[in-house]
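Q: could you work out the structure for the sequence below:
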Amino acid sequence: MVFQKFPKQKEFREFEKESEVGMNPQIVIFGANGFLGRYLARYYQRLGREVVCVARCRDGWSGDGMFLEWDGRTIGPWALALEGAERVINLAGRSVNCRYDARNQREIMESRVDSTRVIGEAIAACKVPPKLWMNSSTATLYRHAEDRPQDEWEGEPGEGFSVNVARAWEEAFFAAQVPGATRKVALRTGMVLAYEDGTVFEVLRHLTRRGLGGRMGHGRQRVSWIHMEDFIAAIEFIAAEPWRDGVYNLTAPEHPTNRELMKAFREQQGAPFGLPATRWMLEIGAQVMKTETELVLKSRWADPRRLREEGFRWRWPKLETALADLEGRYGLDGFFYQPDRRSVGVRVWAPGKKAAAGSR
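A: Below you'll find the model as predicted:
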């Protein structure tokens, strides 16, 4: 099978050609101090691209590109960066990894809708508008699905607070009155995996190594995930063709159940067992960790139909190989450091096999 290679840098002469026709080759990333924003900023910076990072504060910023501050609600000096920009990527939004009390719900909703609205207003005011506006969305927009996958064409929206946020987010995006020259793409993204403190990968790895890597709830809920490398590659793939617009599901082509997900983590970490967690146990744990059980109990089966049918090739289509790869790529610097031979992790235990350490 031929996989999509990690996207390569354009030749500088292409950027010069764009500048000659009035386009600024810079990429503007909103929410650049967040998890996804840091990796995208580092990726483009390594390619020699001009990157403008916009966020409410510098905390979490990787130091890549130029930093501009905004409040996420009103137009300010940051809007000048959009003039003639090649690409605008909006990832702004308060983390959903919290308790859904009234205050947090309001902040989650407003941080997404308000930021999207004001970016649209800024683009509408540009003399030379950006060529592409990508706006983050979420695969949680679809209903709890254990019966069949939900794709961009036939997927059914769900109910509840998280779904309401997703719908309002996309409505604000597609309702924005921007010039026709600006292509718009909504990214319904699944669980993005990278090995960094506080991420889903690190949390599940931590639980697994302490014997708590069993199924969560009944374990039949589907998990929509994607390797960080494929997330970046998918964004480049969509951006490459001017006819690619609308909605895309950014997930891996395979969707394991929660039971299968935790089994893969146990095998990767060499854990011979993992205690399961019932719903009531998860409720107690969620209160202690100040989060919500919906994040692990909802069945998210978002099928990347458009990516598949349009020819995208995942480098990490299978969960087991993705976990093994990430084991040797800790942190932002470790993720982009790629030696000739990179460890795929240590498997000291597997059913029916002798203890062994493997690498490639």
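Q: contacting residues for the closest residue to residue 104 other than its chain neighbours?
A: Leaving out its chain neighbours, the residue that sits closest to residue 104 by CB to CB, 6 or more residues apart in numbering is residue 98, at 4.9 Å. Heads up, the C-betas are built off the backbone N, CA and C, glycines and all. The neighbours of residue 98, taking CB atoms under 8 Å, 6 or more residues apart in numbering as the test, are 104, 108, 290-292.
Q: secondary structure class for residue 98?
A: Three-state call for residue 98 (DSSP: H, G, I helix; E, B strand; the rest coil): coil.
Q: so what pLDDT did it get?
A: Looking at residue 98, its pLDDT stands at 89.
Q: how about the one 3 residues further on?
A: At residue 101, the model reports a pLDDT of 94.
Q: relative to residue 219, how far out is it?
A: Taking CB to CB, to the nearest Å as the measure, residue 101 falls 28 Å from residue 219.
Q: where along the chain do the helices fall?
A: 12-20, 35-46, 102-124, 161-175, 200-209, 228-239, 258-269, 279-289, 294-297, 305-309, 319-327, 331-336 (DSSP state H).
Q: pipe those into TSV and attach distance to residue 54 per row.
A: TSV is the format used below for those (distance: least, CB to CB, whole Å):
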stretch	distance to residue 54
helix 12-20	21
helix 35-46	9
helix 102-124	9
helix 161-175	17
helix 200-209	25
helix 228-239	17
helix 258-269	34
helix 279-289	30
helix 294-297	27
helix 305-309	27
helix 319-327	28
helix 331-336	19
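Q: which one is residue 73 nearest to, not counting chain neighbours?
A: Per CB to CB, 6+ apart, closest to residue 73 is residue 114, 4.8 Å.
Q: distance of the one you found relative to residue 238?
A: Relative to residue 238, and taking CB to CB, residue 114 is found at 25 Å.
Q: between these two, who's got more neighbours?
A: Between residue 114 and residue 238, counted using other CB atoms under 10 Å, residue 238 has the larger neighbour count: 22 against 17.
Q: contacts only, for the closest residue to that one other than its chain neighbours.
A: Closest residue to residue 238 apart from its sequence neighbours, by CB to CB, 6+ apart: residue 244 at 4.9 Å. Under the criterion of CB under 8 Å, 6+ apart, the contact partners of residue 244 comprise 183, 185, 238, 310.
Q: between those, which has the most around it?
A: For these, the largest number of neighbours (other CB under 10 Å) sits with residue 238, at 22 neighbours.
Q: is it true that that residue touches residue 133?
A: No - judged on CB atoms under 8 Å, residue 238 makes no contact with residue 133 at a distance of 11.9 Å.
Q: circling back to that earlier point, the residue nearest to residue 73 and residue 75 touch, don't they?
A: No - using CB under 8 Å, residue 114 is not in contact with residue 75, being 11.7 Å away.
Q: for residue 139, give its distance to residue 231.
A: Applying CB to CB, the value for residue 139 to residue 231 is 12 Å.
Q: between the two, which contacts overlap?
A: Common neighbours of residue 139 and residue 231, using CB under 8 Å, 6+ apart, are 189, 250.
Q: is it correct that residue 320 is in contact with residue 267?
A: Yes - Residue 320 is in contact with residue 267 according to CB under 8 Å; the separation is 7.3 Å.
Q: of these two, who's got more company?
A: residue 267 (22 against 19).
Q: what's the burial count for residue 102?
A: So residue 102, with other CB under 10 Å, has 7 neighbours.
Q: with residue 205 instead?
A: Neighbourhood size, residue 205 [other CB under 10 Å]: 19.
Q: same question, residue 277
A: Counted with other CB under 10 Å, residue 277 comes out at 22.
Q: now residue 246
A: 12.
Q: one more: the one 10 residues further on?
A: The number of residues packed around residue 256, counting by other CB under 10 Å, is 18.
Q: which residues touch it?
A: Residue 256 makes contact with 222-223, 264, 319, according to CB under 8 Å, 6+ apart.
Q: most widely separated two among these?
A: Comparing every pair within these by CB to CB identifies 222 and 264 as the most remote, at 13.9 Å.
Q: surely residue 323 meets residue 268?
A: Yes - using CB under 8 Å, residue 323 is in contact with residue 268, at 4.6 Å.
Q: for stretch 84-100, buried residues please.
A: Residues 84-94, 96, 98 are the ones in stretch 84-100 that count as buried (16 or more other CB atoms under 10 Å).
Q: check stretch 64-78 too.
A: 64-65, 67-68, 70, 72, 78.
Q: which one among those residues gets closest to residue 205?
A: The nearest member of those to residue 205, counting by CB to CB, is residue 64 at 26.0 Å.
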